[in-house]
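Q: Got a predicted model here, sequence first, then my questions.
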Amino acid sequence: MTVPLITLTNAQLAFGHHALLDQADFTIQQGERIGLIGRNGAGKSSLLKILDGRIELDDGERMQMGGLTVATVEQEPELDSDSTVMDWLCGDYLEREDWQRPAVAGSLIDQLGLRAEDRIGSLSGGTRKRVALARALADKPDLLLLDEPTNHLDFEGILWLQRMLVDSRCTLVVITHDRRFLDEVATRIVELDRGRLYSFPGNFSQWQLRKAEALEAEAQQQARFDKVLAQEEVWIRKGVEARRTRNEGRVRRLEQLRRERAERRERAGNVRMAVAEGSRSGKLVAELTDVSHRYGERVIVRQLSTTIMRGDRIGFIGANGAGKTTLLRIILGELEPTEGSVRLGTNLTVGYFDQMRAGLDEKATLADTINPGSEWVEIGNQRKHVMSYLEDFLFPPARAMSPVSSLSGGERARLALARMFARPTNVLVLDEPTNDLDIETLELLEELLQDYSGTVLLVSHDRAFLDNVVTQTLVAEGGGSWQEYVGGYEDWLAQRPADLPPVTAPKAGTGKAATVKPGTAAAQSAADPKPTKARERNSRASRLTNWEERELESLPDSIAEVEARQAALTAQLADPALYQDTPDRVAEINSELAALEEKLMELFDRWETLEAKRAAE
């Protein structure tokens, strides 16, 4: 039997003009791992504060299970800088005579490669985030709330966190833009959109399919509503004779339709990105010959020789502190290497996006940040007023004269992108651009970079972003050694040498780590499983029998039946009343959906097999 931990009913919360929660209903069941997604500014972080009791609802009801323990890790956790790592992980548990706590803390310290005696004030941002996450996990709460936990974590840290969350028995609500992380961890996706909470069973990839269907249904419903309203508006404006005989009930209905239309919150538009591309650079962008660089005894780069050509899209992969930003500065000619030489190409115009947004002047207005001293922005052959350009990045004209200091993290990221894209470039350098951006904006940025004709140098720990953008990677493999690989993150996993330590990550849907050894057939299969299956199907291909012909003809109808049942069950799960009235039914529906998903995959696989046999005839 599933147990509701927290239930929100008709929840209302508003800061400013629009309600962040508008009569929203939400129930968290024990054992769930919920991915909370939504646009920047939608109110996700405020919802976490409601769940852990830091802020109260304006209206509505919040109920929680008696004795519930909740732990929250914020985007920028506040830690005691004077404490050691061990003291912070142990907390006040020693005063309660919890003698197991030091052992738990010691185990986490070993897993994270920390030093127990280090002062927290001396740690990097990524290490501080690991310590905060470790403290929350060591507390073993009933409900764990995480706000952008992957920000500032490297791949090793992200994989460790995935494994810990999947293995942990605590219920989870996590806000993150990391799509791969959501696919590995989430058992339910909840979207906060225009003040309402919409629930989708499964992980992020499954949500993407169902979300498209939901938006299409919403658009059709609104179109029908608008048509009825337009018809009634025509009727009320008819001549004098019609007005004499009009039905008062119909007039009241029209007034209600008008109120409903006025109260409708349209879905926020997407960022409209375009980049002001400069004149083409020379064919050569940079050539490094036997480059080495060190700080004291620490070697950052050791005898690296590489050539970067116009149009390359290179991803830099490495642990926090490996020297990715340092290597970028060497490539751009901003830092002289200790040894070796760097030859830069001709006609380079570089746009730089730094992870700390240090280039933004806190006192400057948004308009001056984009193009100081001018009201116009040149994007390609188009001349655009700065107010209109800011609107493309979801900044209304009323905010154009606001200072940068008034912006949230996500807004700062959008402003930094807007400023960079407003200047002609042929080389884009992006240092952790995915932090603070919502998923819709990330996907639009991916499309822009894919179509960009210049050169892209990208530092990111977002695995999906790397796979979708870069054509090759430059990877820190320890001791100052950097190696080049073709493709993105998954391709690197498949190609990396077998003598390197394996990369471990949890298998989807399990708490056990799956070890992918580099350079093996398993790694190649993990990176690209479909061709292998296709080859197996083709090797078995032969002439279709009569009964296989009939089976092939019936498969589309069978698939449609399964998908219709999936849609019906998903619609039931999207109803908040289900979680309050019949919580046991939630588990039953999720179990049936899992079975249907497996059956659907079998049907699709069978369809492909039969089609392959037909094609081979």
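A: Thanks, I have the structure now. Numbering: from 1, shown residues only.
Q: check which helix or strand covers residue 475.
A: For residue 475, the enclosing helix or strand under DSSP states H and E is strand 472-476.
Q: Not counting that strand itself, show me its contacts.
A: Outside of strand 472-476, the residues within contact range by CB atoms under 8 Å, 6 or more residues apart in numbering are 306, 312-319, 322-324, 327, 466, 482-489, 491-492, 496. The C-beta positions use only the backbone N, C-alpha and C, and glycine is treated the same way.
Q: Would you show me how to pick out the buried ones of those in PyMOL?
A: Selecting only the buried entries of the contacts of strand 472-476 in PyMOL, with 16 or more other CB atoms under 10 Å as the criterion:
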select buried, resi 306+312+313+314+315+316+317+318+319+322+323+324+327+466+482+483+485+487+488+489+491+492+496
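Q: Show only the entries of the contacts of strand 472-476 found in helices.
A: 324, 327, 466, 489, 491-492 (DSSP state H).
Q: wait, is residue 96 part of a strand?
A: No. Read with DSSP: H, G, I helix; E, B strand; the rest coil, residue 96 is coil and lies in no strand.
Q: 26 is where my numbering starts, stick with that
A: With the count now opening at 26, the last piece we talked about shows up as residue 121.
Q: what's the spacing between it and residue 115?
A: 10 Å (CB to CB, to the nearest Å).
Q: Quick check: the residue nearest to residue 163 when sequence neighbours are not counted vs residue 114, distance?
A: Spatially, and ignoring its direct neighbours in sequence, residue 163 is nearest to residue 129 (5.1 Å; CB to CB, 6 or more residues apart in numbering). As defined by CB to CB, residue 129 lies at a distance of 8 Å from residue 114.
Q: more neighbours, those two?
A: More crowded of residue 129 and residue 114, by other CB atoms under 10 Å: residue 114, with 27 against 18.
Q: Now name the helix or strand holding that one.
A: helix 110-115.
Q: can you check residue 45 too?
A: Going by DSSP H and E, residue 45 is part of strand 44-54.
Q: do the same with residue 367
A: Assigned by DSSP H and E, residue 367 falls in strand 364-369.
Q: Counting by contacts, list what that strand packs against.
A: strand 309-320, strand 323-334 (3 or more CB pairs under 8 Å, 6 or more residues apart in numbering; DSSP states H and E).
Q: Could you spell out the sheet neighbours of that strand, each with its direction?
A: strand 309-320 (antiparallel) (DSSP bridges).
Q: quick one: buried residues of the strand it pairs with?
A: In strand 309-320, the ones that count as buried by 16+ other CB under 10 Å are 310-313, 316-318.
Q: What angle do strand 323-334 and that strand make with each other?
A: 180 degrees (axes from the mean of the first three to the mean of the last three CA atoms, to 10 degrees).
Q: what comes into contact with strand 309-320?
A: 324-335, 337, 348, 351-352, 355-358, 360, 362-371, 373, 452, 480, 505.
Q: Kindly export it (C-alpha atoms) in PDB.
A: Taking C-alpha atoms only, strand 309-320 is exported to PDB below (Å, rounded to 0.1, in the frame of the first residue of the first chain):
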ATOM      1  CA  LEU A 309      42.900  27.000 -39.200                       C
ATOM      2  CA  VAL A 310      41.600  28.100 -35.800                       C
ATOM      3  CA  ALA A 311      44.400  27.000 -33.500                       C
ATOM      4  CA  GLU A 312      47.300  24.600 -33.700                       C
ATOM      5  CA  LEU A 313      49.000  23.400 -30.500                       C
ATOM      6  CA  THR A 314      52.400  21.700 -30.700                       C
ATOM      7  CA  ASP A 315      53.900  19.900 -27.700                       C
ATOM      8  CA  VAL A 316      52.000  22.200 -25.300                       C
ATOM      9  CA  SER A 317      52.600  21.700 -21.600                       C
ATOM     10  CA  HIS A 318      51.400  23.800 -18.700                       C
ATOM     11  CA  ARG A 319      51.900  23.600 -14.900                       C
ATOM     12  CA  TYR A 320      51.200  25.500 -11.800                       C
END
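Q: Now that strand: average pLDDT?
A: When pLDDT is averaged over strand 309-320, the result is 94.
Q: where in the stretch 126-275 of the chain is pLDDT low?
A: Residue ranges of the stretch 126-275 of the chain with pLDDT under 70: 237-244, 257-275.
Q: For it, just list every one of the strands.
A: Along the stretch 126-275 of the chain, the stretches classed as strands by DSSP state E, counting those that start in this stretch are 168-172, 196-200, 213-218, 221-226.
Q: Tabulate those (JSON lines), appending distance to residue 582 and mean neighbour count.
A: Putting those into JSON lines (distance: least, CB to CB, whole Å; neighbours: other CB atoms under 10 Å) gives the following:
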{"stretch": "strand 168-172", "distance to residue 582": "43", "mean neighbour count": "23"}
{"stretch": "strand 196-200", "distance to residue 582": "39", "mean neighbour count": "24"}
{"stretch": "strand 213-218", "distance to residue 582": "29", "mean neighbour count": "21"}
{"stretch": "strand 221-226", "distance to residue 582": "25", "mean neighbour count": "21"}
